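fold the following, please.
(chains A and B)
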Number of protein chains: 2
Amino acid sequence: MKTIRTAFFLSDRTGITAETLGHSLLGQFPNTQFKYMSVPFIQSEDKARRAVDMIDQVAGEDGRRPLLFCTVVDDKMTAILSKSQGLMLDIFGTFTTAIENELGERSSTVSGHGHGIANIHNYHQRIDAMHYALDNDDGVTAKGYDKADVILVGVSRCGKTPTCIYLALQYGLYAANYPLVEDDLNNLTLPDFLQPHRKKLYGLTIEPPRLRQIRAERRPEGKYATQEQCEWEVKTAERLFKREQIRCVDTTHKSIEEISTTILSDTGVTRRFF
Amino acid sequence: MKTIRTAFFLSDRTGITAETLGHSLLGQFPNTQFKYMSVPFIQSEDKARRAVDMIDQVAGEDGRRPLLFCTVVDDKMTAILSKSQGLMLDIFGTFTTAIENELGERSSTVSGHGHGIANIHNYHQRIDAMHYALDNDDGVTAKGYDKADVILVGVSRCGKTPTCIYLALQYGLYAANYPLVEDDLNNLTLPDFLQPHRKKLYGLTIEPPRLRQIRAERRPEGKYATQEQCEWEVKTAERLFKREQIRCVDTTHKSIEEISTTILSDTGVTRRFF
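The predicted model follows:
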């Protein structure tokens, strides 16, 4: 049986940075089972003390001290949290001194730069790109393709929509998508309105058994989710990608984060912000 | 004039953890201007050496050494990267030893736990929740409300859709939304089909000048984006929230990350995974 340990994410803002790093680090310890607790918006000493009470209570219940992934900027608050029974992993404190020395600049103690609207221009770009992805989803219109940074092509339910949304949110990119329909596959050609945008096309493919499973959850009736149909569509789409020299990635075992990063690497499309 | 420094994000997978932490840390240094470069998928010594070449070239061009936010797990690759002219900030290495000692377990050196499909169940939950958000966007149907964890209510373009999508992607939550229409506002009542779901409702509001600006970008013609209309809608929606005792948050100066975390804090809705 795996040992169970509790990890706290402590933050003066959303807690997303602490959670992101904490998950990445703890993912390297597959023999321990983790329980997670997030305490965001620790913006007062009172709130910090209440977090300490929670940590100490969990320490008592677990019989082992919790791990504390902490991104609280204010030293006073961090000092209070450090007095708890948890193991303090002070993420900001650990690196800030090295960066201060390197830059010759003292760090600002203002919190909230990580996931707030630090850069209003970038933030609007993300939201605009997300609305663009929704407006240009599933080939409903070809009007927006001029503005597209990338146009994902593939059979129905191979992961185009979630990937487009992620590309928008994370990188501010205008990502449209076009689902290959039976006519395209029968003729082994792209529709005419995609021709002017050939350089923006990028293919997604998927193993037929996985596609069948996804489709069956969504629409089990008819030929849509049958083995034959899924195999035929995927094989034909891959032939079409090859014939038209469209690069593509297999999404079967990849997350939308991995698919998106792969597209950026493969195409050289420049993100709109960092 | 601000000093310009380059920051590299070095990763054996997507680079998202390195970017997230790097941005949070560098956000504390407003007097330096940063250029960013991401080198993901460093999975071979050859790729590590090519990254070193890039770093050293930038160091020469900048006349100052770049900052390296590194989440590469493999020691051999990290050692190669450390020989570059950059300032190595070894994010994983720094915390892994402390966690190993605490857990009494050696860390696995397998990369890719952070943003891959480490937990297939959680990953499907995210994607399913995202499709749910799209299917239950903008009040197109009330059918999905039974399944909703939260239903966001507010006037058109106050931030409901991006927030629902973020709640799905980050927390796996089923988030629907309903846009208050003129009838609802005129009658100062919620539509009947929302009544059974009162406990799931959460309001979004926004300052009228900001709403006007957003609407004007989208649809400048007609009364939709006029000052009078925006003021009337927002004021009336806020009266409706008060009368119906619906908690709400002002989205004007908040990112979707902050809005989402605030909703979780306010409602006590439990995320579906960590």
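
domains in chain A, by residue range?
Domain ranges of chain A: A:3-103, A:120-267, per automatic domain parsing.

got a markdown table for those domains, with distance to A:Phe273 and mean pLDDT too?
The C-beta positions use only the backbone N, C-alpha and C, and glycine is treated the same way. Converted to a markdown table, the domains of chain A look like this (distance: least, C-beta to C-beta, whole Å; pLDDT from 0 to 100):
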| stretch | distance to A:Phe273 | mean pLDDT |
| --- | --- | --- |
| domain A:3-103 | 17 | 95 |
| domain A:120-267 | 4 | 95 |
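
dump these to CSV, plus distance to chain B and mean neighbour count.
Output for the domains of chain A, formatted as CSV (distance: least, C-beta to the nearest C-beta, whole Å; neighbours: other C-beta atoms under 10 Å in any protein chain shown):
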stretch, distance to chain B, mean neighbour count
domain A:3-103, 3, 20
domain A:120-267, 4, 18
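
turn those into TSV, columns for distance to B:Leu194.
Output for the domains of chain A, formatted as TSV (distance: least, C-beta to C-beta, whole Å):
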stretch	distance to B:Leu194
domain A:3-103	28
domain A:120-267	23
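
so which of those is nearest B:Val249?
B:Val249 sits nearest to domain A:3-103 of all those, at 12.4 Å, using C-beta to C-beta.

distance between the ends of the closest one?
Start-to-end span of domain A:3-103 (C-alpha to C-alpha, to the nearest Å) is 42 Å.

check stretch A:64-76 too.
26 Å.

centre of the chain versus that stretch, how much separation?
25 Å (C-alpha atoms, centre = their mean, to the nearest Å).

now swap in stretch A:83-99 and tell me
On C-alpha atoms, centre = their mean, the centre of stretch A:83-99 falls 26 Å from the chain's centre.

strands of chain A, residue ranges please.
Taking DSSP state E as the criterion, chain A contains strands spanning A:3-10, A:32-39, A:67-70, A:87-90, A:150-154, A:175-179, A:201-205, A:248-250.

and of the ones you listed, who's closest to A:Glu257?
Closest among the strands of chain A, using C-beta to C-beta: strand A:248-250, at 12.8 Å.

tell me which of the domains of chain A lies nearest to B:Ala79.
Closest among these, using C-beta to C-beta: domain A:3-103, at 18.0 Å.

tell me who's in contact with the closest residue to A:Ala7 other than its chain neighbours.
Spatial nearest neighbour of A:Ala7, chain neighbours left out: A:Leu67 (4.6 Å); criterion: C-beta to C-beta, 6 or more residues apart in numbering or on different chains. Neighbouring residues of A:Leu67 by C-beta atoms under 8 Å, 6 or more residues apart in numbering or on different chains: A:5-8, A:22, A:26, A:86-87, A:89, B:99, B:102.

now, which of those sits nearest A:Arg198?
Distance to A:Arg198, by C-beta to C-beta, is smallest for A:Gly22 among the contacts of A:Leu67, at 43.1 Å.

please list all residues in contact with the closest one.
Residues near A:Gly22 by C-beta under 8 Å, 6+ apart: A:7, A:9, A:36, A:67, A:69.

look up the closest residue to the third one, ignoring the ones flanking it.
In this case it means A:Tyr36. Once flanking residues are discounted, A:Tyr36 sits nearest to B:Phe274: 3.7 Å by C-beta to C-beta, 6+ apart.

ok, the one you found - how many residues close by?
Residues near B:Phe274, counting by other C-beta atoms under 10 Å in any protein chain shown, number 18.

pretty sure it is touching A:Glu19, no?
Yes: using C-beta atoms under 8 Å, B:Phe274 is in contact with A:Glu19, at 7.2 Å.

quick one: the contacts of A:Leu67 as a markdown table, columns for distance to A:His121 too.
Listed next are those as a markdown table, based on distance: C-beta to C-beta, whole Å:
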| residue | distance to A:His121 |
| --- | --- |
| A:Arg5 | 42 |
| A:Thr6 | 40 |
| A:Ala7 | 35 |
| A:Phe8 | 34 |
| A:Gly22 | 30 |
| A:Leu26 | 35 |
| A:Gly86 | 39 |
| A:Leu87 | 39 |
| A:Leu89 | 33 |
| B:Ile99 | 38 |
| B:Glu102 | 42 |
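
beta partners for A:Ile151?
Judged by DSSP bridges, the bridge partners of A:Ile151 are A:Ala176, A:Leu201.

tell me who's in contact with it.
A:Ile151 touches A:145, A:175-178, A:194, A:197, A:200-202, counting by C-beta under 8 Å, 6+ apart.

now do 10 Å
A:136, A:139, A:142, A:144-145, A:160, A:164, A:174-178, A:194, A:197-202 (C-beta atoms under 10 Å, 6 or more residues apart in numbering or on different chains).

then A:Asp149?
A:129, A:132, A:167-168, A:171-176, A:200, A:263, A:267, A:269-272.

try A:Leu81
Here A:Leu81 is in contact with A:8, A:10, A:39, A:42, A:48-49, A:51-52, A:55, A:68, A:70, A:72, A:88, A:90 (criterion: C-beta under 10 Å, 6+ apart).

again with A:Leu89
Contacts for A:Leu89 (C-beta under 10 Å, 6+ apart) come out as A:7-8, A:10, A:18, A:21-22, A:25, A:67-71, B:94-95, B:98-99, B:102.

7 Å instead, please
Counting by C-beta atoms under 7 Å, 6 or more residues apart in numbering or on different chains, A:Leu89 makes contact with A:67-70, B:95, B:98.

between the residues you listed, which is nearest B:Glu257?
So of the contacts of A:Leu89, ranked by how close each gets to B:Glu257 (C-beta to C-beta), first place is A:Phe69, at 16.9 Å.

distance-wise, check the residue nearest to the closest one when sequence neighbours are not counted relative to B:Gly116.
Spatial nearest neighbour of A:Phe69, excluding adjacent residues (C-beta to C-beta, 6+ apart): A:Gly22 at 3.9 Å. Distance, A:Gly22 to B:Gly116, by C-beta to C-beta, to the nearest Å: 16 Å.

what do you get for A:Ser108?
34 Å.

now A:Phe8
24 Å.

and A:Gly63, by the same measure?
From A:Gly63 over to B:Gly116 (counting by C-beta to C-beta), the distance is 32 Å.

also A:Asp146?
Distance of A:Asp146 to B:Gly116, given as C-beta to C-beta: 34 Å.

and if you look at A:Ala175?
Noted for A:Ala175: a distance of 21 Å to B:Gly116, by C-beta to C-beta.

before we move on, what about A:Ile151?
25 Å.

repeat for A:Glu238
A:Glu238 is 23 Å from B:Gly116, by C-beta to C-beta.

with A:Leu173 instead?
Distance check for A:Leu173 against B:Gly116: by C-beta to C-beta, it reads 21 Å.

over to A:Tyr132?
Here A:Tyr132 is placed at a distance of 27 Å from B:Gly116 (C-beta to C-beta).

how about A:Lys147?
31 Å.

try A:Tyr145
31 Å.

A:Met77 too?
Counting by C-beta to C-beta, the gap from A:Met77 to B:Gly116 is 33 Å.

tell me the contacts of A:Ser107?
Shown in contact with A:Ser107 (C-beta under 7 Å, 6+ apart): A:96, A:100, B:28-29.
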